[in-house]
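J.: please work out how this folds:
(one chain, ligands or ions: 3)
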Amino acid sequence: MKYIFITLGVLVIYSCTKTEVPESLPPVVVQEESIKFTTNIDTGSFNLVDTIPLVISVSTKLPTLGLSYVIVASYVDSSKQIFKLDTILNQSSLSVLVPGFTKAGNYNLAITVTSKNTNTNILSKNFTLVRPNFNVTTTTIPLNIAGISSEDITSGIDGSVSGTIYTTINGKEHLIISPTLFFRTPMLPALNFVKNGTNWTLENSYSTGAMGAGRNYELLDSAKQIWAISDHGLELSNGKWPFGSIYVMKPNGNGLSYLNISTTRSFYHSVSTGDLNNDGLKDIVGLNMGTNGDWYGALHPYLQNPDGSFREARDLINDGMNTWSMNKGAGAVLIVDILGDKRPEIIRADYGLNLSYQQQSDRYSFVIYTFDNNLGKYTVVKNPGPLGVYSNNDRGTTSIKAADFDNDGDLDFALATEGTNFMGVEIWTNNGQGNFTPTNNKIEFTFDQMQFREFNVMDINNDGWLDIVLNPFAFGKLLRVGGSGNMNDWGTGGVYLNNLFWINNKGSFSFYNKSIIVPAIKPVYFKSSKINGQFKLVGVQTDFSKGLVNIYDIPFVF
Ligand SMILES: [Ca+2]
Ligand SMILES: [Ca+2]
Ligand SMILES: [Ca+2]
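T.: Ligands and ions are numbered 1, 2, ... in the order given. The predicted structure is shown next:
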């Protein structure tokens, strides 16, 4: 009705100007229709992500001078304006991507539309928006693997935390699981899960990637997503341990191919990659805790051939028989250029050997091997001695990563260790010359608190300081909500994520201080990664009676 009235009003004015209007007639007041608009977020129920695709639709007749659109977005938690658009348009609708909702917390979005004919003809809408720290998407996948029972494949997945790789290949997320029954056969094929759109699917299983126990992995080629993986083999409850191999895994379309590069089966506990002989091709060192062959020494270097195959290089490292390292245990290896010379160094980290007779004088924390041009091989140049966590004979390294944790320009170390009812991480800083000392930045857990199979180094909260994310498994009460910490106590359901995030506060580490619970899930473990800059966790939960696996996809913002 109002529209008709205004139309008539305009007609009246028009006709009045065309005719002689008697002066006695009162002036006609032109009443513009009140501004009305709707938006695509009027219901307020949607998943808030970094950017809102906002659509404003004005139902009022477009004023002749157009409309002023003003959009202001604010982050309420720190009273900061994150976006402002102030524009005049001769159109009844506006589509705009509003960016800046990158943090978890409370936002306000104010939208004002004003007639340019009448600045009092105005309508404002305010939206209160909340971005949660995370959301969970669950994919349930049946596991039909030829020749393998659903009990074996689900139990095998339950034991696969240390060998599972979560990464992006050709723009698609992959979760590559190495299932293991650990104490018994059968050997189980590797499983390649691929995320297509929002859902995970099982792309294929690979008997060529069947491992007794995938224990550790590292990128050989980050661009091509070629990985080196160490397998220590089954720890059979009956009979001789078969030990395992070093594998190179490559993408093959959406699928995978596996190459066993080691001929001497060994208890390969750790692996690292780097160009050891300066020929432009990255090589591999596998660290073993025992071998079936006659290649003694903890460090087994394999040099890459131009065709992508590998060859043993037994004399490349001064390690093993008749050397410093004879009868000293080792748990982890890392190839990294610490000294800034032309070749990377090899770091060999202490595991201890036998607690019953071991002395502190047998311990070394870790040593740095560098290439000696006179000897023509890698030899030890730095040995800090058993400091920090290594002052306890019970503690041995399970993994080591190098990163600049104190942002002073040199690489520091994060060392994960295990012992009797103990798991920990310790940060050692570099003085710039490759001399490392332990710091007070350390985690120490008993098994009933937290167990983890290694960790990731990533800046998860995007503050420029590298943080540490644990890959948890088992039943620690710092992981399982309502749990006792006892074996097989899954708690009341739900997991704490905050106890996985060891946050680097300008060089000083502490666990994330806000309780973050993902309710009602019981994953056997989590892995994490940054996918296109977005920090994400994936959780894995099996159901053997139904022969399926649930993959929980959990993008997380701080
Ligand atoms: Ca090489
Ligand atoms: Ca540093
Ligand atoms: Ca950070």
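
J.: so which bits of stretch 507-520 are buried?
T.: F509, Y512, I516, V518 (16 or more other C-beta atoms under 10 Å). In this view, the C-beta of every residue, glycine as well, is placed from N, C-alpha and C.

J.: nearest to T87, of those residues?
T.: I516 (39.0 Å; C-beta to C-beta).

J.: now do the helices in the protein.
T.: Secondary structure of the chain by DSSP state H: the helices cover 2-18, 150-158.

J.: worst average pLDDT in these?
T.: Mean pLDDT is lowest for helix 2-18 among those, at a mean of 38.

J.: name whatever forms a beta bridge with L97.
T.: P53 (DSSP bridges).

J.: let me fix that: S399
T.: A416.

J.: any idea how far it is from G424?
T.: 12 Å (C-beta to C-beta, to the nearest Å).

J.: which neighbours do these two have in common?
T.: Listed as contacting both S399 and G424 by C-beta atoms under 8 Å, 6 or more residues apart in numbering are A416.

J.: looking at the two, which has the bigger crowd around it?
T.: A direct count of neighbours by other C-beta atoms under 10 Å for S399 and G424 places S399 higher, at 25 against 20.

J.: in contact with that one, which residues are there?
T.: N216, S270, A332, L415, A416, E454, F455.

J.: then T379?
T.: By C-beta under 8 Å, 6+ apart, the neighbours of T379 are I317, N318, Y369, T370, D372.

J.: count of neighbours near G409?
T.: Residues near G409, counting by other C-beta under 10 Å: 8.

J.: excluding its backbone neighbours, what's nearest it?
T.: G432 (7.6 Å; C-beta to C-beta, 6 or more residues apart in numbering).

J.: and the one you found, how far is that from ligand 3?
T.: Noted for G432: a distance of 22 Å to ligand 3, by C-beta to the ion, to the nearest Å.

J.: just the buried members of the contacts of T379?
T.: Using 16+ other C-beta under 10 Å as the threshold, I317, N318, Y369, T370 are the buried ones among those.

J.: the last one and Y302, how far apart?
T.: In this structure, T370 lies at 19 Å from Y302, with C-beta to C-beta as the measure.

J.: now the third one
T.: Per C-beta to C-beta, Y369 is found 16 Å from Y302.

J.: what sits against I35?
T.: V58, T60, L67, V113, T114, S115, N121, I122, L123.

J.: need phi/psi at it.
T.: phi -70, psi 130 (degrees, to the nearest 10).

J.: for the spatially closest residue to I41 that is not a sequence neighbour, give me its contacts.
T.: Excluding its sequence neighbours, the residue lying closest to I41 (C-beta to C-beta, 6+ apart) is F127, at 6.0 Å. F127 makes contacts with I41, G44, N108, L109, A110, I111, as judged by C-beta under 8 Å, 6+ apart.

J.: now do 10 Å
T.: Contact analysis of F127 by C-beta atoms under 10 Å, 6 or more residues apart in numbering lists T39, I41, D42, G44, I52, L54, A73, Y107, N108, L109, A110, I111.

J.: just the buried ones among the residues you listed, please.
T.: Looks like the contacts of F127 have T39, I41, I52, L54, A73, Y107, L109, I111 buried, using 16+ other C-beta under 10 Å.

J.: can I assume the second one is in contact with I52?
T.: Yes: at 6.7 Å, I41 and I52 qualify as touching, with contact defined as C-beta atoms under 10 Å.

J.: find the residues that touch each one of the two.
T.: V98, L109, F127, L129.

J.: ok, the last one to K103 distance?
T.: To tie it back to what came earlier, the one meant is L129. 12 Å.

J.: name the residues contacting each of the two.
T.: With C-beta under 10 Å, 6+ apart, L129 and K103 have no common neighbours.

J.: in contact with N108: list those residues for me.
T.: Here N108 is in contact with V72, A73, S74, Y75, V76, Q81, I82, N126, F127, T128, L129 (criterion: C-beta under 10 Å, 6+ apart).

J.: at 7 Å what do you get?
T.: S74, V76, N126, T128 (C-beta atoms under 7 Å, 6 or more residues apart in numbering).
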